[in-house]
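1. Quick one: sequence and predicted model below, then my questions.
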Amino acid sequence: MSGVRAVVVGSGIVGLTTASELLCRGHEVVVVSAEPVSSSTSFLAAAVWFPTAAGPADRVAAWSAETFTQLERLARAGVPGARMCESLAVYRDEPPTPPWSSAVRAFRRARGDELPPRYRFGYRFTVPLLEMPLYLPWLENQVRRAGARQVRRTVQRLDEFADLAPDVVINCAGLRAGPLAGDTGMYPIRGQIVRVANPGVSISVRDEAHPLGRAYVHPRTHDCILGGTLDAGAWDRSPDPELTQSILSRCRDLVPELAEAEVLETLVGLRPGRDEVRLEIDSATSGITPVIHNYGHGGSGVTIAHGCAREVAELVSSL
């Protein structure tokens, strides 16, 4: 199907990236969302390329590699908020080579003088980092300039778009995508992060097996995002003060320079969890406006958004 009118439900990183890909292929796009991008979970994201809490492994690997290539291109083009970031993953015990190593740049063993105190092993590599308060508005503006229409609406059903006369509906509604599709397999993955002033940190550092919980430090231009949590099934959006102190403690283990960094705020977002990403044509829509689902990206929305958008566009072409 060529030159179609597509309604994209959702304006987070997945929805806007999907809209952008469809526009690049000559389709007409209407983006429907209940809230502005600044209210989306994507806007809060630490937004460093790293496959997290998403499956199935083979499809995530392919989507991740495709997205890496696209984000690297954007970083080289000087897109606001997009850059390549030197990174360090640290371990207390000798680790296997991670499955994502072939997709990143400059992957190597870390030297001893590159490791934080009490760490014996690590890997160095370079990955894309997106400063979402800069990048997401830029992406939204690009979509708008390419001709997309934006509609602010709380969507109750995926068949309620008669006034927009779509040829296809793309469900990228994040955590709300499951209920819209009648999918009971969706669940929130609560993420709490702490934003601190950047004392001069330039390298992203992570320990996925810290004794106090997973830890990461992602530097941005004026601040650092410290995390974090992957609390499946937790709906509470209120920051937990004790957890804030735990995050600060574990991240200071990784980057001692953060000891005196000013704490700016604590934020909580709910990632759209599912055992596997759902990216497919909904077979139940035969004979009516077709629906393509693109949701359940867990903690990997930034990491796989472009790869998923390309696949959605291919599905649109197959209709």
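-> Nice, thanks for sending it over. Numbers count the residues shown, from 1 in each chain.
2. give me the number of residues near the nearest residue to Leu115 once chain neighbours are set aside?
-> Leaving aside its chain neighbours, Leu115 sits nearest to Gly122 (5.2 Å; criterion: C-beta to C-beta, 6 or more residues apart in numbering). Using the backbone N, CA and C atoms, a C-beta is placed for each residue, glycine as well. Other residues within reach of Gly122 by the criterion other C-beta atoms under 10 Å amount to 21.
3. buried sites along the helix or strand that contains Gly122?
-> According to DSSP states H and E, Gly122 maps onto strand 121-130. By neighbour count on 16 or more other C-beta atoms under 10 Å, the buried set for strand 121-130 is 122-130.
4. returning to that earlier point: and the residue nearest to Leu115, bridged to which residues?
-> Val90 (DSSP bridges).
5. That one contacts Arg108, doesn't it?
-> No: assessed by C-beta atoms under 8 Å, Gly122 is found out of contact with Arg108, at 9.9 Å.
6. Can you list the neighbours in contact with the following helix or strand past the strand holding Gly122?
-> With elements assigned by DSSP H and E, the helix or strand that comes after strand 121-130 is helix 132-145. Outside helix 132-145, the residues that touch it by C-beta atoms under 8 Å, 6 or more residues apart in numbering are 11-13, 16-17, 19-20, 23, 29, 31, 37-38, 40, 42-45, 47, 79-82, 130, 150.
7. For Val104, give me its contacts.
-> 49, 68, 87, 125-127.
8. Provide the backbone phi and psi angles at it.
-> phi -90, psi 170 (degrees, to the nearest 10).
9. Can you give me the distance of it to Gly55?
-> 20 Å (C-beta to C-beta, to the nearest Å).
10. where do the strands sit along the stretch 51-200 of the chain?
-> Per DSSP state E, counting those that start in this stretch, the stretch 51-200 of the chain has strands spanning 82-91, 105-109, 121-130, 149-152, 168-171, 187-197. These are given in chain order.
11. would you list every one of the helices in the stretch 1-150 of the chain?
-> Assigned helices in the stretch 1-150 of the chain, in chain order: 13-24, 41-44, 57-76, 132-145 (criterion: DSSP state H, counting those that start in this stretch).
12. Can you tell me which of those is nearest to Asp183?
-> helix 13-24 (15.5 Å; C-beta to C-beta).
13. which strands and helices sit next to that closest one?
-> With contacts taken as 3 or more C-beta pairs under 8 Å, 6 or more residues apart in numbering; DSSP states H and E, helix 13-24 sits against strand 5-9, strand 28-33, helix 132-145, strand 168-171, strand 291-295, helix 301-318.
14. average pLDDT across the fourth one?
-> Confidence for strand 168-171, expressed as mean pLDDT, is 98.
15. same question, the fifth one
-> With pLDDT averaged residue by residue, strand 291-295 scores 98.
16. what's the answer for the longest one, then?
-> What helix 301-318 shows for mean pLDDT is 97.
17. what do you get for the first one?
-> Averaged over strand 5-9, pLDDT sits at 98.
18. what's in contact with that strand?
-> 15, 18-19, 22, 27-33, 155, 158, 161, 164-173, 177, 180, 316.
19. Buried among the residues you listed? Need that as a selection in ChimeraX.
-> The ChimeraX command for the buried members of the contacts of strand 5-9 (criterion: 16+ other C-beta under 10 Å) is given here:
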select :15,18,19,22,27,28,29,30,31,32,33,155,158,161,164,166,167,168,169,170,171,172,173,177,180,316
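20. Please name the nearest non-neighbouring residue to Gly174.
-> Gly174's closest residue in space is Pro272 (C-beta to C-beta, 6+ apart), at 4.5 Å.
21. So that neighbour sits against Gly296, correct?
-> Yes: using C-beta under 8 Å, Pro272 makes contact with Gly296 at a distance of 5.8 Å.
22. Quick check: neighbours shared by those two?
-> In contact with both Pro272 and Gly296: 177-178, 186, using C-beta under 8 Å, 6+ apart.
23. and which of those is nearest to Val217?
-> Met186 (29.8 Å).
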